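Novice: Predicted model and sequence follow; I will ask about them next.
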2 protein chains.
Amino acid sequence: METIRRTKISDLSQLPFGTQVSVKGWVRTRRGNKQVSFIALNDGSTINNIQIVADIEQFGDEYLKPVSTGACIHVIGTYVESQGKGQNGEIQAEKIEIYGTADPLEYPLQKKGHSLEFLREIAHLRPRTNTFGAIFRIRHHMAYAIHKYFNDNGFYYLHTPIITASDAEGAGSMFQATTLDLNKVARTEDGSVDYSQDFFGRQTNLTVSGQLEGELGAMALGAIYTFGPTFRAENSNTPRHLAEFWMIEPEVAFYDIHDNMDLAEDFLKYLIRYALDNCKDDLDFLNEMYDKELVERLELVLAHDFVRLSYTEGVKILEESGQKFEFPVYWGADLQSEHERYLVEKHFKRPVIMTDYPKEIKSFYMKQNEDGKTVRGMDVLFPKIGEIIGGSEREADYDKLMNRINEIGMHTDPIWWYLETRKFGTAPHAGFGLGFERLILFVTGMANIRDVIPFPRTPNNADF
Amino acid sequence: METIRRTKISDLSQLPFGTQVSVKGWVRTRRGNKQVSFIALNDGSTINNIQIVADIEQFGDEYLKPVSTGACIHVIGTYVESQGKGQNGEIQAEKIEIYGTADPLEYPLQKKGHSLEFLREIAHLRPRTNTFGAIFRIRHHMAYAIHKYFNDNGFYYLHTPIITASDAEGAGSMFQATTLDLNKVARTEDGSVDYSQDFFGRQTNLTVSGQLEGELGAMALGAIYTFGPTFRAENSNTPRHLAEFWMIEPEVAFYDIHDNMDLAEDFLKYLIRYALDNCKDDLDFLNEMYDKELVERLELVLAHDFVRLSYTEGVKILEESGQKFEFPVYWGADLQSEHERYLVEKHFKRPVIMTDYPKEIKSFYMKQNEDGKTVRGMDVLFPKIGEIIGGSEREADYDKLMNRINEIGMHTDPIWWYLETRKFGTAPHAGFGLGFERLILFVTGMANIRDVIPFPRTPNNADF
């Protein structure tokens, strides 16, 4: 076929009617009558299909037969005003080239709707559906907005290591990364695993957080953020857990907990505004199909200042609420999603930043308050999600940090380098972590975290 | 101290002289005489220090004593025109608060220059040096430029999996990710490793490339890119190899090899122009200290169209060059860095895109040419670096792809999902991979890849 420069379907509406165009994409449906065939074509650039009108007499019934759902075609034709309702333009086909067919007896994505569960089993094909096209375009826009926000605000993107010999928080099970042959594991004379023969000469794991290395960056470059994969080998088959997920962790020198809260609120509002401004068609589709309150919920977050209150105040409100909870509430308890959502959805009706948690339920690196009981942690609580961000001002004082480390019996050997930040030019600093998939759940309105990452990793599932 | 909003050192020059300012940062040096102390302060926002002038009589000798190299301080003072040469402004200190000291007997980064080898051993502190501050700021800007380029051109960022059950290219040794207890590896009755008890119910490894999954994305969203960590468990202790590195892999439906070459050239030029436009101070420093031809080399890349020639033509030029090479050149040989650099640096004096390689030295997925001998691979060759990008048009035809797979005896079980892209709506498509650290080596002029990633992972080294 002659070479007219291809136009993406998302760009067609900028053209005047009457333009000769070339479009390429995958057939979503083909219907019609004896005179004319209507092909809904999608190329991934937008959720909106373009309608191709093909004259049966011109092309022949036989020629159009393989133009079925899933086939990939190249169409040259004229972009004309649509005669159908609710459509802007359509293409009157002059030539149709078939790149690839999709046998209707084999191709799993036929016209009818499919369950999200079924689509998870064909994660290699599900991005071709409206739902997953929308989700992964939104995921892209959110990732880009994150980089743009930090770049525009003078943060440096820091790649913290994936394979690590330290366990950032003692935060649960880790995957081991090894080159030892599991068929005959090398052993020392006393029978233990001989890690001197492993690739790194020691036991190594996949990171659960880049925070500790992020702090090193902040104490040199001033303001950094990480955005990379993190891993938890927890055997949890729930709609909220992945073994492999992406995390964003800003860390800023000279920030206290208040600066940190300002950053978190400004950052989240920026992201949600960016989604509303840049993902309208995809959000409208998801709002219509999955969650009728989605756009309203996004706008709610933008409409209000986030409530800021201490854990102690929060527990008091919960205790006095008269609400029945599955898990009991008392000072010292690790609040559950039901508690967080009660505060956000029922009590305040807007996002909440909760601060100053009991030290026992938070990590060793959080700055200790003078009461001896609480630390300067801060969690941002969102409607539907519960905790979307967790962070803190960090303990900058070497002695206080070491006291806490000794109190909980942590080993300091693997983090000698972290401790040196408090020895050499220590400074107040703070940061937080945002689970990327939690954000995407919130922005898309989807209910299962496996539906917001292209290739989910969960117990017994590493397909694709 | 009172709270004046902190100004980053990079932003000071925008202020009028006479402004009262608050700056915070780390002391690079302190020198002076009996009347006055000059403190060079850096906060990571720029390679340029700000000079703090402190009156000895006002502060007292004792008070200033801990303000030594590495200490972190907060200064309030007046931003005034500098009396020194070559400086724009300095700060006449009114108040100095010491956040954290750095004992001169213990702090490893004293005034004098340190070898890059020594600094690698203290990777937790090296971002505080001029060299590594410059490198990691440039690294940030390059990462951002990559995201911006693709976003502005309608590519979607796709997170391909890190833990995978497939081996993208058979590209050498992989790290195994496991939750099996290496002290007593679970075994089946026949004595082999019982992977049903591993986290994913099968053997899993760390990815060597996101390309195969990237192709799935391109065949649905049209144009995608990946940007994530990849792993090679090769026991190579060279200045060019890392066990963990970051890779960028765009993949585009409806692109042929020529579109792919256009994309690669435009992309690389965009990145290098972005560096010259956004990293001037850091590039000037590296040009002065490490590589006097750095900026010139960057500008050379922008000045010319890249040469495009076939492998066969390239081999002919090398054979006829009369040049002595360590590795012999003949049709069929996998070209070495010395050959690539000869073509780029000596023969053409500009970047080269070489295409149409013998199929035996390239991967199974490359589109087969009609000659039956070559495939539509394309490598971009750069001065000093050699291959900076490797890519190809992909074989879109199911039967041809399967023939090649059978020819080389590959197992198809682990990539059943990949093969389905050729069964259902296959289309011409192409893509390439850019090793991020190779790019940073080129843009910074550094010689060792361990110096362009914050926390390098190499054999026997997983510190930090």
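Specialist: Here it is on my side, so go on. Numbers count the residues shown, from 1 in each chain, chains lettered A, B, ... in the order given.

Novice: For the stretch 101-250 of chain A, just list every one of the strands.
Specialist: Using DSSP state E, counting those that start in this stretch, the strands found in the stretch 101-250 of chain A span residues A:156-157, A:163-164, A:176-178, A:204-206, A:223-231, A:244-253.

Novice: State the mean pLDDT of the second one.
Specialist: Averaged across strand A:163-164, pLDDT comes to 96.

Novice: and the closest residue in space to residue A:349 that isn't next to it in sequence, what helix or strand is that in?
Specialist: Spatial nearest neighbour of residue A:349, chain neighbours left out: residue A:300 (7.8 Å); criterion: CB to CB, 6 or more residues apart in numbering or on different chains. In short, each C-beta sits where N, CA and C put it, glycine included. Assigned by DSSP states H and E, residue A:300 belongs to helix A:294-303.

Novice: so where's chain A shaky on pLDDT?
Specialist: Along chain A, the parts satisfying pLDDT under 70 run over A:1-2, A:85-87, A:167-172.

Novice: Run through the helices of it in chain order.
Specialist: Using DSSP state H, the helices of chain A run over residues A:56-59, A:61-64, A:116-121, A:130-152, A:211-221, A:257-278, A:280-289, A:294-303, A:311-319, A:337-341, A:398-407, A:416-423, A:436-444.

Novice: Format those helices as JSON lines; extra columns: mean neighbour count.
Specialist: Below are these laid out as JSON lines (neighbours: other CB atoms under 10 Å in any protein chain shown):
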{"stretch": "helix A:56-59", "mean neighbour count": "13"}
{"stretch": "helix A:61-64", "mean neighbour count": "13"}
{"stretch": "helix A:116-121", "mean neighbour count": "15"}
{"stretch": "helix A:130-152", "mean neighbour count": "22"}
{"stretch": "helix A:211-221", "mean neighbour count": "26"}
{"stretch": "helix A:257-278", "mean neighbour count": "19"}
{"stretch": "helix A:280-289", "mean neighbour count": "17"}
{"stretch": "helix A:294-303", "mean neighbour count": "16"}
{"stretch": "helix A:311-319", "mean neighbour count": "18"}
{"stretch": "helix A:337-341", "mean neighbour count": "19"}
{"stretch": "helix A:398-407", "mean neighbour count": "14"}
{"stretch": "helix A:416-423", "mean neighbour count": "18"}
{"stretch": "helix A:436-444", "mean neighbour count": "24"}
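
Novice: mind putting those helices in CSV, distance to residue B:267 included?
Specialist: As requested, the helices of chain A are exported to CSV (distance: least, CB to CB, whole Å):
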stretch, distance to residue B:267
helix A:56-59, 38
helix A:61-64, 38
helix A:116-121, 33
helix A:130-152, 16
helix A:211-221, 26
helix A:257-278, 22
helix A:280-289, 26
helix A:294-303, 33
helix A:311-319, 49
helix A:337-341, 43
helix A:398-407, 45
helix A:416-423, 36
helix A:436-444, 25
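
Novice: To residue B:262, which of those helices lies closest?
Specialist: helix A:130-152 (22.4 Å; CB to CB).

Novice: okay, the angle between the closest one and helix B:130-152?
Specialist: 140 degrees (axes from the mean of the first three to the mean of the last three CA atoms, to 10 degrees).

Novice: Using PDB, list the CA coordinates for helix A:130-152.
Specialist: Output of helix A:130-152 as PDB, limited to C-alpha atoms (Å, rounded to 0.1, in the frame of the first residue of the first chain):
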ATOM      1  CA  ASN A 130     -11.200  -1.000  27.300                       C
ATOM      2  CA  THR A 131     -10.800  -1.500  31.100                       C
ATOM      3  CA  PHE A 132      -7.100  -2.300  31.100                       C
ATOM      4  CA  GLY A 133      -6.300   0.100  28.400                       C
ATOM      5  CA  ALA A 134      -7.800   2.800  30.600                       C
ATOM      6  CA  ILE A 135      -6.000   1.600  33.700                       C
ATOM      7  CA  PHE A 136      -2.600   1.300  32.200                       C
ATOM      8  CA  ARG A 137      -2.900   4.700  30.500                       C
ATOM      9  CA  ILE A 138      -3.800   6.200  33.800                       C
ATOM     10  CA  ARG A 139      -0.900   4.300  35.400                       C
ATOM     11  CA  HIS A 140       1.400   5.900  32.900                       C
ATOM     12  CA  HIS A 141       0.100   9.400  33.500                       C
ATOM     13  CA  MET A 142       0.400   9.000  37.300                       C
ATOM     14  CA  ALA A 143       4.000   7.800  36.900                       C
ATOM     15  CA  TYR A 144       4.800  10.700  34.700                       C
ATOM     16  CA  ALA A 145       3.100  13.200  37.100                       C
ATOM     17  CA  ILE A 146       5.200  11.800  39.900                       C
ATOM     18  CA  HIS A 147       8.500  12.400  38.100                       C
ATOM     19  CA  LYS A 148       7.300  15.800  36.900                       C
ATOM     20  CA  TYR A 149       6.200  16.900  40.400                       C
ATOM     21  CA  PHE A 150       9.500  16.100  41.900                       C
ATOM     22  CA  ASN A 151      11.600  17.400  39.100                       C
ATOM     23  CA  ASP A 152       9.800  20.700  39.000                       C
END
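
Novice: Could you give the separation of that helix from the chain centroid?
Specialist: Between the mean C-alpha location of helix A:130-152 and the chain-wide mean there is a distance of 9 Å, by CA atoms, centre = their mean, to the nearest Å.

Novice: how about that helix, does it get close to chain B?
Specialist: Yes: interface with chain B: helix A:130-152 contributes A:132, A:133, A:136, A:137, A:139, A:140, A:143, A:144, A:147, A:148, A:151 (CB under 8 Å from any CB of the partner chain).

Novice: can you check stretch A:350-368 too?
Specialist: No: using CB under 8 Å from any CB, stretch A:350-368 stays clear of chain B, coming no nearer than 13.5 Å.

Novice: From residue A:90, how far off is residue A:19?
Specialist: Note on residue A:19: its distance to residue A:90, by CB to CB, to the nearest Å, is 13 Å.

Novice: Show the backbone phi and psi for the residue of the stretch 351-464 of chain A found nearest chain B.
Specialist: Of all residues in the stretch 351-464 of chain A, residue A:426 sits closest to chain B, at 3.3 Å by CB to the nearest CB. For residue A:426, the backbone dihedrals (degrees, to the nearest 10) come out as phi -70, psi 160.

Novice: Skipping its backbone neighbours, what lies nearest it in space?
Specialist: residue B:100 (3.3 Å).

Novice: ok, the one you found touching residue A:420?
Specialist: No: judged on CB atoms under 8 Å, residue B:100 makes no contact with residue A:420 at a distance of 11.2 Å.

Novice: Neighbour count: residue A:19 and residue A:90, which is higher?
Specialist: residue A:90 (23 against 16; other CB atoms under 10 Å in any protein chain shown).

Novice: hang on, isn't that one packed against residue A:50?
Specialist: Yes: counting by CB under 8 Å, residue A:90 does reach residue A:50; the two are 6.7 Å apart.

Novice: Return the residues in contact with residue A:451.
Specialist: Shown in contact with residue A:451 (CB atoms under 8 Å, 6 or more residues apart in numbering or on different chains): A:116, A:119, A:120, A:131, A:132, A:135.

Novice: and with 10 Å instead?
Specialist: Neighbouring residues of residue A:451 by CB atoms under 10 Å, 6 or more residues apart in numbering or on different chains: A:116-117, A:119-120, A:123, A:126, A:131-132, A:135, A:239, A:290, A:437, A:440-441, A:444.

Novice: Who are the contact partners of residue A:79?
Specialist: By CB under 10 Å, 6+ apart, the neighbours of residue A:79 are A:7, A:12-13, A:15-21, A:23, A:50, A:88-92.

Novice: Among those residues, name the buried ones.
Specialist: Buried by 16 or more other CB atoms under 10 Å in any protein chain shown: A:7, A:12, A:19, A:21, A:23, A:50, A:89, A:90, A:91, A:92, out of the contacts of residue A:79.
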